[in-house]
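Undergrad: The following block contains a protein sequence and its predicted model.
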Amino acid sequence: MKIYRAETGQQVNLQSTKDITSLNDLKLELERSIGVPMHSQILMTSFGTQVKESNLKEILEATDQNEYILFCYDRQYLDALPEEISNLLDVETPKLEPRISAFDGSESLKSIEKSLKSRTVSQSCESYLSLFTSFDDYSQSLIKTSATHTQLAKTLVDEQKLQRMALNVAMTNLEAHNKSINTNVKAFVAAAEKERTRQSTLIQSLQNDLDILKHVRIHPTILHQLNLSHKSKEKLIDFVDQAYIEQVRIDTIKLCDFLSQEIRDMLDKIAELEQCEQEVLTDIANKNNLHILDATLADIQQLYKKAQYLKDTRKRDIGRVSDKIAGMLNIPITKLFASLSIQNSSQQQQQQQTNNKPSHDSKKTLDSFRHLAEYHVQNYLPQLASYEQFIRQKVTTLAISKRNSIQEFIKYMNAVSQIQSEIASIEPRLNSAKEYLDEFKKKYETYDLGSVRDILFGYGALMIEIVRRREYVQLLAENATLLADIMSRYRNEEEQRRDFFRRKIAKILPLKMSIMDDSPPQCEITANVSPVTDMTLQKKDIIDFISLLGQAYAQSPSYNRRPLSSSKSLKRLITQQTNEDEKLYSVLKLMYKQLDSLKADFLKSIESDLFGPGSIDSVRIKNASKREDKESQVLSDDERKIYEAKIQTLERTLQLRSESKYSTSYSLVSNDTTSEETKSKLIDTEKRLLEMKDTNERQKQEIEELKKALQKLEQEKNQCENEKEDQRLQIQELEQLLEEERQTYEHNRQSLLNEAKIKDNLADIRIAGLEEDWKGKISDLQRALEEETRTLNELRLRHDAEISDLRFEHDTRLREKVEAINNEKRELALLVDQLREDLASVNQSLEEEREKYEERLTELQTEIAESERAKDEIKLLQQQTRMMVNRAQEDWTMKNEELKRIKDEQMIVRSAIAELLSRYMGEGAQITENTDLEPIIRAFQQNLDQFTAQANLTQENYENLEQEAADLNQRYQELLETHQEWRPIAIGMAEKLEDYRKMMLYEIINQFQIPADEAELNILSRKITPSEDDAAMWNEILQLASSIDHQNITRRLRKRVKEVHELARQYKKDYKELKEKYIKLSAKLSEKISFRNFKVGDIALFLPTRNSGGKPWAAFNIGSPYYFLSPAGATTFTTNSSEWIVARITHITEHIVDESDPNPYGLAPQVKYYELEVECWKNQKASNKKKPNFIDSGLASIPVDNRKRPSFMASSSNIVHSTSPPHDALKRRRSATGV
């Protein structure tokens, strides 16, 4: 058992689990270990189940691959304050190792180089040894810090993975709870909806039921048999407590309202919970960054390995330096680091005197030390520092990610907790709703609204029972005489046989037996019944009552039936009953069926008992057909034949009985009476037969319709079963795969743990063995070193003289060579540094190019998806562009012509007014559009007065002037009328011109998506200056309309259309490529052989069957049996192959095996099979190749809409009005002119 804290992902190490026997013990131990209180702990397994007392033992005892993983959630942080969460984040955020101060190795190296001239060899070696020791200490601190940070990074990544696992466990538990409550709510909703529907139906039909009870009078026969307490009640409504029923109705209405509200609220709540859960799951999935954490950890581990490699290289160099120094100073390696002082013995003093003068080898060795130190300072130490700094940055990023992970975990757990609280709040409400419904059912269990209708059906059942009992008594009394005659005939025949035996046989026998003279026994048949004389209730009353019910419920929403007038109608009523009254209708059905078949059952018993296997009559009856359908409610043609045979048999039997000379004293009625009653029965039977014939025809039609519906349902059922089987197999495969993956994961995890443990133990053993070997080798090497040192001292003493002579000669050459080698080393070092820089730059450029290519690939994928979506938009835009351009051109042409016509008419009016004024006033040159005509009229009046004054002088001139004045007045009135007619037209045209100006720019900018320049925007935004002068406003409108640059707009429209055309050509090219791919894929799919759910056009494989008769060919199938090749297809294809046939299905014919439709395949009756007509499977492919290819030429293939276009003026005016309403001045003029 492993326990992790969910908020941090840290593992909890319990001291011991042996003493844990209960859940409280486990929680107490966890409280001691991690400090989470017992009441705040939530323990859950990795499977999403909560830890309880029932499964605690299994969790504790599970080991190896069955070991459980537990997560401990702290309930305190579900509603914690921000300060508490901040404290948790501060505590759980890991702290990094302190930064290591930078080591300046170059300064130490320079100081040693400066002091080399004044120091001895031993002192120089001591300086270099201390320098390399400081290098080692600095690098060891870097490696130690990097190792600590690498382990911390691995811990942080593992903890975040466990946090995500704990979050998934919480979501799994939430899904289980949500699914459980969803199931419970749906079950309650189904039951409540069923009850609500039933009660609502009863409420709707209650008044109708009560009205029926009010109109139904109790039959006198039944009323006569009632108790004295019920004698005063004449109608069924008298047996109903209406006040109680009203109270039940009110309570039922409350129940329906309550159930409706609860169902609606619960379904809304469930939908809301599912949406919240889905949102949380989506947010968690979007913020999953575990792959980034793994990549960061891999980078850190890789850098740590590089740092370890540098450490090993540096350690090797330190060992070489130590060996060189020990050899130069003749000091064992074990004593070299303990003390470098050479003043403790005479031998060391001698060595010091000898080393005071540096030899050629010592200088060479010291120079190599210097070069090695320089390489360490320039390469090893900076690289180790950079590795440590990079690892520190990465670990800092992981620590920040861990802090954010804890914060997000708490946020998601708060959301999960809220959803869990909402789920928990549904359960009490659900229980209260169930209790309310159960209390209602318990309270009105025996007498609810359905009892009102039960009274109706109970009364009908009572009527049927009374009539049935009376019919039984009559049938028993009528047929007792017939049975007595039959038994009497049998006794007379027995008496004749015995008399024949006594007269013929007994005389020739030598034996005499007294029993041979006994007479045959007699059989007494009596009907101990009393005649029913006071029962006036007949079948007609029952049919009338049921007809009443049918008429009353014909318009009810729960009943859709026609009025009933016969037994056939009654049966139709019973077959169309609703689910609520199914039991009551079934009782009525059974009772009326028993009543209707009472005589038929009696005749059937006579048929089986009276007419045995040897009689002629029984043979005739057995040759008749049996009943076709026991559940149908009418008699078929076969039943009619059976009844006719029975009737003929009974007629012959009665004739024989009536002609018989023998009589019986046990008959209750005479033969004449029996004959008359039999004839009346025959008449009744014939009437019933006629009714049954009509019913039979209708029932046959219904049966055919039901058979067709049944066939469709069977096909759907077979298809659903096949799909269900496929899904079941898929589910089994997926479950098996999931189980295998889980077992593989557990096995791999356990094997990895075991392998790690084994490797750890082996490493410990190897380390111990290597330490022992190392110690033995050290001791051996020390002894060998002492011996070699002794031998070396002897050799040195011998060759000192020779070496001193040769050293001086070679110092110069050696110095020169060393300088040359040093120069070469410096050049090589610079070259290596340059190569490293180049390599880093190349790697960086490659990485940048890779990122650019990945981004470009993502952009290309996005553009491809957008281009697919834009295809349809561009097609629509092309059609709209054409229509709008054509409409704009037509409207502009029409409005331009209308504007020219208005201008011409305006000029004509203006010239007429000027001519008139110039003729009579002499001021024609001063007439303008704004000239007021009232002063002119006054001037005319003044002139008229002058003319009147001069009339005394000349009468003739006066008459002429008077005539001219009259003409002028008439013409002036005509001009006024003309002015009043043209003024509203001019105002309307000005409004339309203004609308045209705004509409044109609006259509171009918004509809064609063409950017507008500054001038067009100014024209569009400019408003008409208010003015009382119509002409000024009209001039301003004309100036604005004429300021539109139509050539520029036309040029931009052409450019836009050309761009759209180019896009259409490109999309057409893409469409052709996709079409070719689609044709290829369709061809491949059309050549695939089908094995189930055959349909026309599929390719099927036919194999010969083992049927030796016709040797049919059956389609190879999976779950679709009884598909056979038609005989014509078999004859066509068997000429080429006798082993298999592959063909394409062209027609499927369905058959059912019966007597009228036999089959050549040896199938059992009522089995459905199919005959397939086929053709060569390559025919369709060849026909597809013959189809002509349609070549599209881009925009030319787009259909042009030739239908009548809507008025451009109307659409444009609507657009302009929606953005800029007409000016107030234009409105005033329109109102003034009445337009």
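TA: Looks like it came in fine. Numbering: from 1, shown residues only.
Undergrad: Quick one: mean pLDDT for the longest helix along the chain?
TA: Longest among the helix segments of the chain by residue count, using DSSP state H, is helix 671-920. Average pLDDT, helix 671-920: 75.
Undergrad: burial of Gln163, as a residue count?
TA: 23 (other Cβ atoms under 10 Å). C-beta: built from backbone N, CA, C; applies to glycine.
Undergrad: State the distance from it to Gln889.
TA: Between Gln163 and Gln889 the distance is 69 Å, computed by Cβ to Cβ, to the nearest Å.
Undergrad: How about Arg790?
TA: 118 Å.
Undergrad: again, but for Lys604
TA: 93 Å.
Undergrad: before we move on, what about Asn379?
TA: For Asn379, the distance to Gln889 - Cβ to Cβ - is 80 Å.
Undergrad: Between those two, point out the one with more neighbours.
TA: Asn379 (16 against 12).
Undergrad: Over to that one: give its phi and psi.
TA: phi -120, psi -60 (degrees, to the nearest 10).
Undergrad: can you pull the contacts of the nearest residue to Glu274 once chain neighbours are set aside?
TA: Leaving aside its sequence neighbours, Glu274 sits nearest to Asn178 (Cβ to Cβ, 6 or more residues apart in numbering; 6.9 Å). Asn178 sits next to Leu273, Glu274, Glu277, Ile419, Ile423 when contact means Cβ atoms under 8 Å, 6 or more residues apart in numbering.
Undergrad: Quick check: which element contains the third one?
TA: For Glu277, the host element (DSSP states H and E) is helix 242-286.
Undergrad: Now do the next helix or strand after that helix and helix 671-920, the angle between them.
TA: Downstream of helix 242-286, the first helix or strand assigned by DSSP H and E is helix 290-329. For helix 290-329 against helix 671-920, the angle by axes from the mean of the first three to the mean of the last three Cα atoms, to 10 degrees is 80 degrees.
Undergrad: Which strands and helices lie in contact with helix 290-329?
TA: helix 121-215, helix 333-336, helix 346-355, helix 360-375, helix 381-443 (3 or more Cβ pairs under 8 Å, 6 or more residues apart in numbering; DSSP states H and E).
Undergrad: between those, which one is nearest to Gln942?
TA: helix 121-215 (92.4 Å; Cβ to Cβ).
Undergrad: Cys1176 versus Leu975, what's the distance?
TA: Counting by Cβ to Cβ - Leu975 and Cys1176 are separated by 92 Å.
Undergrad: Equivalent analysis for Glu741, please.
TA: Counting by Cβ to Cβ, the gap from Glu741 to Cys1176 is 48 Å.
Undergrad: quick one: buried residues of stretch 429-444?
TA: By neighbour count with 16 or more other Cβ atoms under 10 Å, stretch 429-444 contains the buried residues Leu430, Ala433, Leu437, Phe440, Tyr444.
Undergrad: In these, find the pair that's most separated.
TA: Of all pairs in the buried residues of stretch 429-444, the most separated under Cβ to Cβ is Leu430 and Tyr444 at 22.2 Å.
Undergrad: related to what we said a few turns ago, quick one: which of the helices and strands packed on helix 290-329 is nearest Lys18?
TA: helix 121-215 (25.5 Å).
Undergrad: got the angle for the closest one vs helix 381-443?
TA: 20 degrees.
Undergrad: and Pro257, what pLDDT?
TA: Rather than Pro, residue 257 is Asp. For Asp257, pLDDT reads 90.
Undergrad: again with Glu962
TA: Confidence score, pLDDT, at Glu962: 74.
Undergrad: how far away is the closest residue to Cys276 other than its chain neighbours from Asn182?
TA: Nearest residue to Cys276 in three dimensions, chain neighbours excluded: Ile419, at 5.5 Å (Cβ to Cβ, 6+ apart). Ile419 is 12 Å from Asn182, where distance means Cβ to Cβ.
Undergrad: More neighbours: which of these two?
TA: Ile419 (20 against 17).
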